[in-house]
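>>> Sequence first, then the predicted structure:
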Amino acid sequence: MLKQTPLYNLHLELGAKMVPFAGYLMPVQYDKGTLHEHLHCRSHAGFFDISHMGQCLILGDDAVQELGQLIPGDIAKLKPGEQKYTVFTNNDGGIMDDIIITRIESGVMIIVNAACKDKDFNYLYKQISGRCCFNELTGQALFALQGPAAAVIMEKFSVQAAELSFMQACGTYIKGIKCNISRSGYTGEDGFEILVDHHYAEQLARLLLAEDDVEPIGLAARDTLRLEAGLCLYGHEIDESITPVEAGLQWLFKKSHDQFPGADKILAQLQQGSEKIRAGLLVQGKIPVRDGSEIFNNEDVAVGRVTSGGFSPTLRRPIAMALLARTAANLGNTLYAKVRAHKIPVTVTPLPFVPHHYYK
């Protein structure tokens, strides 16, 4: 049985095409289409329903210390209201999920991917000791407001939230509705994520959508925005067989921290380099190169595979990310993607494809 977010009826009212996604019925696009939604988010502001994502609390004096042993990053120095992007790793060094941790006065709040939340929460429940309290937040809706107009819009509703810097969070009120708001998102644009009790979800969504610059954005444009920003997607650039080093996430690591799952393999890769690495690809021609396409060098030797690919509305050309042999991932290197009978030239390029506009 597919679940529905608190905004299901509003999505239908707005003309959404609903599709199954991570156990939910979610809007893939609205009447104006994916291309329009993508460009509107880049130029104005987009509203995203991300209530399908998992949310939980780990509370107690030992919450930060115990969670810190499950991740490669440093959260000990986070102050209440500060956030960190990081990953759960398994004993083989692979990525179980990528997550956002928010420090709160009584512990931490964690946002996990929708497709991983049952696995993640079972893992946390088993790993966290009785000195901490684990609470899944099942009665909350989660929205994202993303784009260059997001800050001006947010200032109308909460000056406190509008004054946040990237990866900071606060508790505030919007028209009397209690919210937790962070300055974060996964589009590469400035923006906010808003956590609200599901009873007030539709009321708050309508307030934001009533703003002239705001339009609803579906899953399809959410993915093209994410791809242009060069950001990893679980099940594509990251999974339980790909390490953070291979995924190009070396910046997550805290020096001298070696007490986390898979540390031996991961730390060895940090020192010696990994055999494969995530890279950006600019695709020549008009044929998109999709997830799973094999990549070959000019001697027709396979050197990797595409993890995400599609048409970039901003650049007006196909782009892709791939997991490549490190020897083939030099910037400017020409490789070839095989798509059916076509051999399509691709050029290794820096990430992101479109510059980030985070407010720091």
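Thanks, I have it.
>>> Quick one: the strands in the stretch 251-360 of the chain, in order.
For the stretch 251-360 of the chain, applying DSSP state E, counting those that start in this stretch gives strands covering 276-283, 294-296, 302-312, 317-325, 334-339, 342-349.
>>> Quick one: closest of those strands to Glu215.
Closest approach to Glu215 among those is made by strand 302-312 (19.6 Å; C-beta to C-beta). In short, each C-beta sits where N, CA and C put it, glycine included.
>>> Buried residues in stretch 144-162, which are they?
For stretch 144-162, burial by neighbour count (16 or more other C-beta atoms under 10 Å) applies to 144-151, 153-154, 157-158, 161-162.
>>> Same question for stretch 320-334.
Quick answer for stretch 320-334 (16+ other C-beta under 10 Å): Ala320, Met321, Ala322, Leu323, Leu324, Ala325, Ala328, Ala329, Asn333.
>>> Ok, stretch 80-97 next?
81-89, 93-97.
>>> Keep only those of the residues you listed that are in helices.
Using DSSP state H, no member of those sits in helices.
>>> In strands only, show me those.
Secondary structure from DSSP state E places Gln83, Lys84, Tyr85, Thr86, Val87, Phe88, Thr89, Ile95, Met96, Asp97 of the buried residues of stretch 80-97 in strands.
>>> would you list those in TSV and tack on pLDDT and distance to Val339?
Below are these laid out as TSV (pLDDT from 0 to 100; distance: C-beta to C-beta, whole Å):
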residue	pLDDT	distance to Val339
Gln83	98	39
Lys84	97	38
Tyr85	98	32
Thr86	97	35
Val87	98	31
Phe88	98	34
Thr89	98	33
Ile95	98	27
Met96	98	31
Asp97	98	30
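>>> Relative to Thr5, which of those residues is nearest.
Comparing these against Thr5 with C-beta to C-beta places Asp97 closest, at 20.0 Å.
>>> ok, the residue nearest to that closest one when sequence neighbours are not counted to Ala341 distance?
Nearest non-adjacent residue to Asp97, counting by C-beta to C-beta, 6 or more residues apart in numbering: Cys116, 4.2 Å away. As judged by C-beta to C-beta, to the nearest Å, Cys116 and Ala341 stand 37 Å apart.
>>> can you pull out the strands in the stretch 101-250 of the chain?
In the stretch 101-250 of the chain, the strands defined using DSSP E, counting those that start in this stretch lie at 107-112, 133-136, 140-146, 169-174, 177-182, 191-197, 214-216.
>>> what lines up beside the first one in the sheet?
Same thing as strand 107-112. In the sheet, strand 107-112 lines up against strand 54-59 (antiparallel), strand 95-104 (antiparallel) (DSSP bridges).
>>> which outside residues touch the last one?
Where contact means C-beta atoms under 8 Å, 6 or more residues apart in numbering, the residues beyond strand 95-104 that reach it are 57, 64, 67, 71, 75, 78-90, 108-113, 116, 119-120, 123, 169, 182, 184, 232, 234, 238-240, 242-244, 247.
>>> from those, which would you call buried?
Among those, those classed as buried by 16+ other C-beta under 10 Å are 57, 64, 67, 71, 75, 78, 81-89, 108-113, 116, 119-120, 123, 169, 182, 184, 232, 234, 238-240, 242-244, 247.
>>> Among the buried residues of stretch 320-334, which one sits closest to Ile277?
Using C-beta to C-beta, those come closest to Ile277 at Ala329, 5.2 Å.
>>> Please report how far the closest one lies from Cys232.
Per C-beta to C-beta, Ala329 is found 16 Å from Cys232.
>>> Also Gly60?
As judged by C-beta to C-beta, Gly60 and Cys232 stand 30 Å apart.
>>> Quickly note the distance from the nearest residue to Leu12 once chain neighbours are set aside to Glu215.
Nearest in space to Leu12, with sequence neighbours left out and distances taken as C-beta to C-beta, 6+ apart, is Met18 at 7.3 Å. According to C-beta to C-beta, Met18 and Glu215 sit 17 Å apart.
>>> do Lys32 as well
Per C-beta to C-beta, Lys32 is found 7 Å from Glu215.
>>> of the two, who's got more company?
Neighbour count, other C-beta atoms under 10 Å: between Lys32 and Glu215, Glu215 has more, with 19 against 12.
>>> which non-adjacent residue is nearest that one?
Among residues not flanking Glu215 along the chain, His40 sits closest, at 5.1 Å (C-beta to C-beta, 6+ apart).
>>> check contacts around that neighbour.
By C-beta under 8 Å, 6+ apart, the residues touching His40 are Gly46, Gly147, Glu215, Ile217.
>>> switch to 10 Å and redo it
By C-beta atoms under 10 Å, 6 or more residues apart in numbering, His40 lies in contact with Lys32, Gly46, Gly147, Ala149, Asp213, Val214, Glu215, Pro216, Ile217, Ala221.
>>> With respect to Glu228, which of those is nearest?
Distances from Glu228 to the contacts of His40, taken by C-beta to C-beta, are shortest for Ala221, at 10.5 Å.
>>> pLDDT score for Met1?
The model reports Met1 with a pLDDT of 89.
>>> Asn90 too?
If you check Asn90, the pLDDT there is 98.
>>> Double-check it against Tyr123; I have them as touching.
Yes: using C-beta atoms under 10 Å, Asn90 makes contact with Tyr123 at a distance of 9.3 Å.
>>> any residues in contact with both of the two?
Joint contacts of Asn90 and Tyr123 (C-beta under 10 Å, 6+ apart) are Met96, Pro261.
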